[in-house]
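Chemist: Quick one: sequence plus predicted model below, questions after.
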Amino acid sequence: MARMVNCVKLGKELPGVVYKPFANELGQRIYDGVSQEAWKMWLEFSKMIVNEYRIDLASPDGFKKMMDQAEKYFFGEGAQVPPDFVAPQAK
């Protein structure tokens, strides 16, 4: 049976993430309070952030920027879409 959490992002009880995503305090908070559904939404959002801001996740600065964005996305006011982002047009 899946581990259930009261998802901080979606505001309802759902199956939690299946692993601690980061080896830090934020990773533990995500594991404790974020659903798998919200985590999948973050993964899609984070791809856009990495591409639009051209973040190098291997660098300490890039990793910090992503952790800051994840903190805002799940526990803050919500991560912001980059100002120059244009959503792809549906075909």
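Modeler: On my side now, so go ahead.
Chemist: where along the protein do the strands fall?
Modeler: In the chain, the strands defined using DSSP state E lie at 4-6, 13-15.
Chemist: export those strands to CSV and tack on mean neighbour count?
Modeler: Every residue, glycine included, has its C-beta placed from N, CA and C. Formatted as CSV, those follow (neighbours: other C-beta atoms under 10 Å):
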stretch, mean neighbour count
strand 4-6, 15
strand 13-15, 14
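Chemist: would a markdown table of those with distance to Ser59 be doable?
Modeler: Formatted as a markdown table, the strands of the chain follow (distance: least, C-beta to C-beta, whole Å):
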| stretch | distance to Ser59 |
| --- | --- |
| strand 4-6 | 31 |
| strand 13-15 | 33 |
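Chemist: can you tell which of those is closest to Pro60?
Modeler: strand 4-6 (29.8 Å; C-beta to C-beta).
Chemist: So for the closest one, mean pLDDT?
Modeler: For strand 4-6, mean pLDDT rounds to 97.
Chemist: Run through the neighbouring helices and strands of it.
Modeler: strand 13-15, helix 25-33 (3 or more C-beta pairs under 8 Å, 6 or more residues apart in numbering; DSSP states H and E).
Chemist: Noted, bye for now.
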